[in-house]
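*Asks:* Sequence first, predicted model second:
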Amino acid sequence: MPSLERSVGARPRRSVLYLPGANARAIEKARTLACDVVILDLEDSVAPDAKLAARALAAEAVRAGGFGRRELVIRTNGLDTPWGIEDLAAAAAAGPDAVLVPKVSSPQDLAAYRRALGAGPALWAMIETCKAVFALDALAKASGPAGVLCWVVGTNDLVKEMRCRPLADRAPLVPALALSVMAARAHGITILDGVYNDIPDLEGLARECAQGVDLGFDGKSLIHPTHLEIANRAFSPEPDAVAWARTVAAAFDLAENAGKGVLKVDGRMVERLHLDQAKRLIEVAEAIAAQEA
């Protein structure tokens, strides 16, 4: 079983870029892009007649390396498809940082993927079915034993299953998005928001990223390199917030405040729960700074 980062925020995953596994040119370009994570996709973005070529190309890209600080993930086809089991075997042999698996709806699905993948890379799981939404707590509890490090919400598939019209505010999806974040937080799992489909609408993307931050997501999955800067900026802590977090942490570190549950800092009342929030914000900011250095 891989060693997992159970501390949410320990590694920046602000911008998570999907690339078709069959597109060699896009994969080569990804080695230079300002994304935190590259996902080499063998599923939705690859036509059936290109599946085998995409699998081989993605595995070779992982073995070749050159992605620097970027986390490298392969998204496989499902076990219920003709390609899933061999995708998982090829991914395990190639050794990416993680393998993202689609349409996970039950703890049994997670266990099946872990058996097929073996004790190799960490698992990431797509939360993209109505059944998954009604099994979030059970999925979260099963994620640790299955070696699941991260959830990715598949909003397009949820929209398809629900037959809803999310429009700009994603109102029909908000309950599922919020519950997914709650379940992930309850069990120490990183969670990423779904993709934004309107590629040239950067203002709309910025609004949706801001909504994702408000909901509590750690980052956003993306489908185009022009979306990276906006996602990176949205999911990075604001300098003023980091400065205040350091002030709170420093106040609780003072000898005269040892053991106190509530302090008055710069005229504001802060509790130890605010100290926990401050420490996490500082951790995230320092991780981002170290990565970008």
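*Replies:* Ah, there it is.
*Asks:* which residue ends up closest to the midpoint of the protein in space?
*Replies:* By C-alpha atoms, centre = their mean, the mean C-alpha position of the chain lies nearest to Leu192, the distance being 3.5 Å.
*Asks:* For it, what are phi and psi?
*Replies:* phi -120, psi 140 (degrees, to the nearest 10).
*Asks:* check contacts around it.
*Replies:* Arg13, Val16, Cys150, Trp151, Val152, Val153, Phe217, Asp218, Gly219, Lys220, Ser221 (C-beta atoms under 8 Å, 6 or more residues apart in numbering). Just so you know, the C-beta spots here come from the backbone N, C-alpha and C atoms, and that holds for glycine as well.
*Asks:* which one is Arg69 nearest to, not counting chain neighbours?
*Replies:* Spatially, and ignoring its direct neighbours in sequence, Arg69 is nearest to Gln291 (5.4 Å; C-beta to C-beta, 6 or more residues apart in numbering).
*Asks:* tell me which element the one you found is part of?
*Replies:* Using DSSP states H and E, Gln291 falls within helix 272-292.
*Asks:* re the thing from before, quick one: the residue nearest to the centre of the chain from Leu149, how far?
*Replies:* 11 Å (C-beta to C-beta, to the nearest Å).
*Asks:* same deal with Val262?
*Replies:* Taking C-beta to C-beta, one finds Val262 at 35 Å from Leu149.
*Asks:* okay, those two: which has more neighbours?
*Replies:* Leu149 (25 against 10; other C-beta atoms under 10 Å).
*Asks:* Does that one fall in a helix, a strand, or a coil region?
*Replies:* Three-state assignment for Leu149 (DSSP: H, G, I helix; E, B strand; the rest coil): strand.
*Asks:* Pretty sure it sits against Val101.
*Replies:* No: with contact defined as C-beta atoms under 8 Å, Leu149 does not count as touching Val101 (12.0 Å).
*Asks:* Give the residues shared as contacts by these two.
*Replies:* Counting by C-beta under 8 Å, 6+ apart, the residues touching both Leu149 and Val101 are Leu123, Trp124.
*Asks:* how close does the residue nearest to Arg69 get to Ala34?
*Replies:* 11 Å.
*Asks:* nearest spatial neighbour of Leu19, skipping sequence neighbours?
*Replies:* Ala26 (4.8 Å).
*Asks:* Repeat that for Leu222.
*Replies:* Leu17 (5.0 Å).
*Asks:* Next: Val265.
*Replies:* Here the residue nearest Val265, using C-beta to C-beta, 6+ apart, is Ala251, at 4.7 Å.
*Asks:* Secondary structure element holding the one you found?
*Replies:* helix 239-253.
*Asks:* average model confidence for that helix?
*Replies:* The average of the pLDDT scores along helix 239-253 is 93.
*Asks:* try stretch 150-159
*Replies:* The predicted model assigns stretch 150-159 a mean pLDDT of 98.
*Asks:* Pull out the buried residues from that stretch.
*Replies:* Neighbour-count burial for stretch 150-159 flags Cys150, Trp151, Val152, Val153, Gly154, Thr155, Asp157, Leu158, Val159 (criterion: 16 or more other C-beta atoms under 10 Å).
*Asks:* who does the third one bridge with?
*Replies:* With beta bridges defined as DSSP bridges, Val152 has these partners: Met126, Leu192.
*Asks:* Report the separation between it and Ser221.
*Replies:* To Ser221, Val152 is 6 Å away according to C-beta to C-beta.
*Asks:* Pull up the overlap in contacts between those two.
*Replies:* With C-beta under 8 Å, 6+ apart, Val152 and Ser221 have common neighbours Val16, Leu192, Gly194.
*Asks:* Phi, psi for the last one please.
*Replies:* So that's Gly194. Gly194 adopts backbone torsions of phi -70, psi 180, taken as degrees, to the nearest 10.
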